[in-house]
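A.B. asks: my questions concern the predicted model and sequence given below.
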Amino acid sequence: MRGKCAHNDDMEAILEEVDGADALVLASPVNFGNVTAVTKRFIERLIVYGCWPWGRKMPKLRIENPDKKAVTVTASACPGFIARILMPGPLKAFKAAARCMGATVLTSLYFGPVAQTENATLDRKSLLKAYRAGEKLAS
């Protein structure tokens with residue numbers, strides 16, 4: 001059970017979709033070593049999944065036992081294997097967000113280098129990784 005968002009915008013409807021989902025895909029390009037500002041703002045708005053009960057020194061999550069699955073997807077111009085080492089921020093942010101929403105990350109995909117040309121597409125190996133991640137979510 002989560003709290004209600006204090007802002008009167010579309011977030012409540014988005015959170016209702018999240019609550020009803022069996023699986024989540026969290027994705028963002030990487031800018032300056034982390035998820036985009038819009039993605040960060042979304043993650044910050046997940047505070048409704050946490051609470052800070054009176055008398056406790058630390059906040060706690062409202063969902064104690066994650067029952068959803070999640071896959072994370074990030075992409076940058078940096079090669080994926082290097083980005084995982086040099087830029088751990090996106091993965092940490094997405095794992096925390098998934099946990100907040102009651103999900104466990106099964107797979108984290110990091111595509112790079114991307115957007116090197118105007119009409120860039122993922123290579124066959126990357127597409128296969130994405131397909132397999134989808135299979136894990138569906139199983």
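C.D. replies: On my side now, so go ahead. Numbers count the residues shown, from 1 in each chain.

A.B. asks: could you find the closest non-adjacent residue to residue 99?
C.D. replies: Leaving out its chain neighbours, the residue that sits closest to residue 99 by CB to CB, 6 or more residues apart in numbering is residue 66, at 6.4 Å. For the C-beta atoms, the positions are set from N, CA and C on the backbone; glycine is no exception.

A.B. asks: okay, now the unreliable bits of the protein?
C.D. replies: Per-residue confidence for the chain (pLDDT under 70) gives no ranges below the cut-off.

A.B. asks: for it, which segments count as helices?
C.D. replies: Remark: helices assigned in the chain by DSSP state H are 11-20, 37-44, 80-86, 89-100, 124-138.

A.B. asks: who touches the fourth one?
C.D. replies: The one in question is helix 89-100. Here helix 89-100 makes contact (CB atoms under 8 Å, 6 or more residues apart in numbering) with 24, 26, 28, 30, 33-35, 39-40, 42-43, 46, 49-50, 61, 63, 66, 68, 70, 72, 74, 84, 104-105, 108, 110.

A.B. asks: can you do 7 Å?
C.D. replies: 24, 26, 28, 30, 33-35, 43, 46, 49-50, 61, 66, 70, 72, 74, 104-105, 108 (CB atoms under 7 Å, 6 or more residues apart in numbering).

A.B. asks: tell me how far the residue of the chain positioned farthest from its centre lies from residue 1.
C.D. replies: Relative to the centre of the chain, and counting by CA atoms, centre = their mean, the farthest-placed residue is residue 55 at 30.7 Å. Counting by CB to CB, to the nearest Å, the gap from residue 55 to residue 1 is 20 Å.

A.B. asks: likewise residue 43?
C.D. replies: The spacing between residue 43 and residue 1, counted by CB to CB, is 20 Å.

A.B. asks: more neighbours: which of these two?
C.D. replies: Here residue 43 and residue 1 are compared on neighbour count by other CB atoms under 10 Å; more neighbours surround residue 43, at 19 against 7.
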